[in-house]
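Trainee: coords please:
(chains A and B)
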Amino acid sequence: MSISLPLRSLSNLPFLLPSLSSLVSYVSRRNESSARRTTKRLRTKPDASFTSSISPSQVNDHIVFNPPSSAPSPYHTPPVFLPVNDPRRTLLAQSHQHANSYDQPDRHLPPLVHKHKPYEKKYHLRQTEIDEIRRLRSEDPYKWTRAKLAEKFECSQFFVGMVAEAPSEKKAAEQRKLEETQEKWGRRRRYAREDRGKRRELWGKDL
Amino acid sequence: MKGLRLLRWSGSVLSLRTRPCCFIHKYQYQYPAQPLGLLRLQSSAAAPLRTVSEPEDDKEPRDSTDYTLLPSPPPSRPPSSARLSALHARLVLPTRLPLEILARCLVDPSADTNSNFNNASLSLLGSDLLGYYTSEAIICRYPRLPTEVMKAAMAAYCGPKTLAAITREWGVEVAAAPGREVDPGFLQCIRQEAGNASVNGTGTQVKELQTAADGVSTRPDAESPTRGWRRGASSKTLYGDRFGDEIQRTETDYAERPELRKEEAQRKAKRGVTLEQASTGFVGALMGAMYIHAGKKAARNFFKAHVLSRHLDVSKLFEFRQPTRDLSKLCAREGFESPVARIESETGRKSRTPVFVVGVFAGKDKLGEGSGSSLDEARFRAAVGALKGWYLYSPLEVRVPSEATGGRPWEPVLVDGGEVVV
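Mentor: From the prediction side, this is the model:
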């Protein structure tokens, strides 16, 4: 069967469609309505930042600088970090584009990653309380753990670990317990943990 | 700053040295005959050394042009070497730097232990200049760089590996073995035997490479080299060389006992050097020769053209373990508000591939920004970005101390409070 190219569009000749669709491969087949829809969708008004506010006759004299969003370069020192006598400090403050936009009263700072308030240090523990922490820890290290002591004395667990370290036999027992747990891990879990650690190392290298 | 007048005391380097004919007789005692195994068994090889070392040779006057005993090409050879002239032209060296000196730069102490004919003195001066110019360029450009990163950048600009690469890029080839008949355009050195290789001719196996550490260490805890944790940044600064690596002998040792230098050269000649060491010596020697023969300005330009022009992304040299902690310490030290992480934008929080963009803020000022597939990662990366922003500060106008001789008065560069120590 030979097919001559129809002069009229295919939509006007529906009887040709079944035979044509059997010849054309499945991938390249598309119907007119979707093509028209795509073209229409592409015909959008460009973003305001792409069009210049100057008259069309002068368009060729200007450059529209609108780089795609990307990670900031580490070589751009933030204005706070510049030394006091650096001329860039005043230049950046005067600039419209680079001035700190959060300085304006109607502009709010973005939401916090951690919803809780930043930790306030109280510095309320005296020598007597520290001695008490040490006594409790040495009496029964299995009962008075870091978390329990921190809760009782309203300080951080880090501080408890700093003033009263756990005895070495407790550390060894904890280590043994951890190793026993890790023994039970299968191949997949072990590899997943290792990979997570490796990925974490890459964060610090900025890779 | 006042420039040194090198011409006064560098006569031995500036003038060409010649070996008098009578020197050949002394020479036999200074250079003991090599074992037969080390001789090249080719038709072009020099005559065996033992035949000329017989005492009755003294009776008949020897031809002064007989250089069969010389370990490196004689100073009369360079003008006729096309390879050497090509190298001179390729590097656009000034005419004030003669071909003979370029040929001397190519003779490693392992090839010729005579310090009048090898490049040891030139490379000593040149490597110091390389270190000085590189360190001032890095420190003045990035005054807040941590010590470890600074040392890594130094090694990247003028470390042995880089200098070996520079030698290769210049098209300098290494002679298979040094000798008087070798073209002076080759780098002349005795190559070190590779580990697990058989020594030429003897059939013995070298199982392990001798390390350079058979000398005395300058470190106080040299008896415990396994203690890696001892080698902190300050220890490296005190006891290490300019790259933070351990050094065996200091210049003070050499000044106290000058014979040490000769011993070192003889040990090297016995054991040979690696290609990296020979290349390091050559580039340093050429730098020193440029300084002495063409002057400071030419040496600086040479350094800029061949060393400083190499691209190095300093921001890739960092590695942080606890950047959030470091950043809060830094903010406390510098009197900023304590840093707080805030979500700038996010997409697909409940999907398999979310992306979060987190900024670190001190009050209303943004310190850094980072993105990641979890809030923790983004926060970590933002802190890394903020710390890099601090450490990689670079002043607008950089004028290094070596450029400040004469002309405009010297203005001090920024001296920073140092890196964050937790």
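Trainee: can I see the domain layout of chain A?
Mentor: Split into domains by automatic domain parsing, chain A comes to A:127-166, A:168-207.
Trainee: which parts of the first one count as buried, going by neighbours?
Mentor: Of the residues in domain A:127-166, those scored as buried under the neighbour-count criterion (16 or more other Cβ atoms under 10 Å in any protein chain shown) are A:130, A:132-133, A:136-137, A:141, A:144-146, A:149-150, A:153, A:155, A:159-160, A:163-164, A:166. For every residue, glycine as well, the C-beta is placed using N, CA and C.
Trainee: what bits of chain B have low per-residue confidence?
Mentor: The model of chain B has pLDDT under 70 over residues B:1-68, B:195-231, B:248-251, B:269.
Trainee: redo that, cut-off 50
Mentor: B:1, B:20-64, B:212-214 (pLDDT under 50).
Trainee: domain ranges for it?
Mentor: Taken from automatic domain parsing, chain B resolves into B:6-19+B:70-220+B:229-314, B:318-391.
Trainee: how about the ones you listed, which one is nearest residue A:172?
Mentor: Between residue A:172 and the domains of chain B, the tightest spacing by Cβ to Cβ is seen for domain B:6-19+B:70-220+B:229-314, at 22.0 Å.
Trainee: helix, strand or coil for residue 73?
Mentor: You didn't pick a chain, so chain A it is. Here residue A:73 takes the coil state, with states given by DSSP: H, G, I helix; E, B strand; the rest coil.
Trainee: to clarify, I was referring to chain B.
Mentor: Three-state assignment for residue B:73 (three-state DSSP): coil.
Trainee: need the contact list for it.
Mentor: Going by Cβ atoms under 8 Å, 6 or more residues apart in numbering or on different chains, residue B:73 touches B:103, B:107, B:180, B:181, B:182, B:183, B:184, B:188.
Trainee: figure out the helix or strand that the first one lives in.
Mentor: Under the criterion of DSSP states H and E, residue B:103 resides in helix B:99-105.
Trainee: for that helix, what is the distance to the chain centroid?
Mentor: Computed by Cα atoms, centre = their mean, to the nearest Å, the separation of helix B:99-105 from the middle of its chain amounts to 20 Å.
Trainee: could you point out which residue ranges in chain A have low pLDDT?
Mentor: A:1-6, A:10, A:21.
Trainee: of the domains of chain A, which approaches chain B most closely?
Mentor: Proximity to chain B (Cβ to the nearest Cβ) singles out domain A:168-207 among the domains of chain A, at 4.2 Å.
Trainee: buried residues of that closest one, list them for me.
Mentor: A:203, A:204, A:206.
Trainee: what subset of these is also close to chain B?
Mentor: A:203, A:204, A:206 (Cβ under 8 Å from any Cβ of the partner chain).
Trainee: helices - which of the residues you listed land there?
Mentor: Taking DSSP state H, the ones among those that sit in helices are A:203, A:204.
Trainee: okay, the ones next to chain B among the buried residues of domain A:168-207 in TSV with distance to residue B:343 next?
Mentor: Listed next are these as TSV, based on distance: Cβ to Cβ, whole Å:
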residue	distance to residue B:343
A:203	17
A:204	21
A:206	20
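Trainee: looking at the ones next to chain B among the buried residues of domain A:168-207, which is nearest residue B:194?
Mentor: Of all these, residue B:194 sits closest to residue A:204, with 36.6 Å by Cβ to Cβ.
Trainee: tell me the contacts of that closest one?
Mentor: Taking Cβ under 8 Å, 6+ apart as the test, what residue A:204 contacts is B:319, B:320, B:321, B:323, B:380, B:384.
Trainee: for those, work out which two are farthest apart.
Mentor: Longest span within those, Cβ to Cβ: B:319 and B:380, 12.7 Å.
Trainee: any idea which element the residue lying closest to residue B:157 once chain neighbours are set aside lies in?
Mentor: Spatial nearest neighbour of residue B:157, chain neighbours left out: residue B:134 (4.7 Å); criterion: Cβ to Cβ, 6 or more residues apart in numbering or on different chains. For residue B:134, the host element (DSSP H and E) is helix B:120-141.
Trainee: report the buried residues of that helix.
Mentor: Residues of helix B:120-141 classed as buried: B:120-131, B:133-141 (neighbour count, 16+ other Cβ under 10 Å).
Trainee: what residues does chain A put near chain B?
Mentor: For chain A, the residues in contact with chain B (Cβ under 8 Å from any Cβ) are A:71-72, A:74-83, A:86-88, A:100, A:102-103, A:109-114, A:118, A:203-206.
Trainee: ok, the nearest residue to residue A:112 once chain neighbours are set aside to residue A:101 distance?
Mentor: Distances taken as Cβ to Cβ, 6+ apart place residue B:342 nearest to residue A:112, at 5.7 Å, with adjacent residues excluded. Remark: distance between residue B:342 and residue A:101 (Cβ to Cβ, to the nearest Å) = 14 Å.
Trainee: all the strands of the chain, in order from the start?
Mentor: Just so you know, I chose chain A. Listed in chain order, chain A contains no strands at all (DSSP state E).
Trainee: meant chain B, my bad for not saying
Mentor: Using DSSP E, the strands of chain B run over B:197-198, B:205-206, B:340-347, B:355-362, B:365-372.
Trainee: for these, which one ends up most surrounded?
Mentor: strand B:355-362 (a mean of 23; mean count of other Cβ atoms under 10 Å in any protein chain shown).
Trainee: pull up the pairing partners for it, direction included.
Mentor: Applying DSSP bridges, strand B:355-362 is found paired with strand B:340-347 (antiparallel), strand B:365-372 (antiparallel).
Trainee: do you know which of those strands lies nearest residue B:93?
Mentor: Between residue B:93 and these, the shortest gap by Cβ to Cβ is with strand B:365-372, which sits at 46.2 Å.
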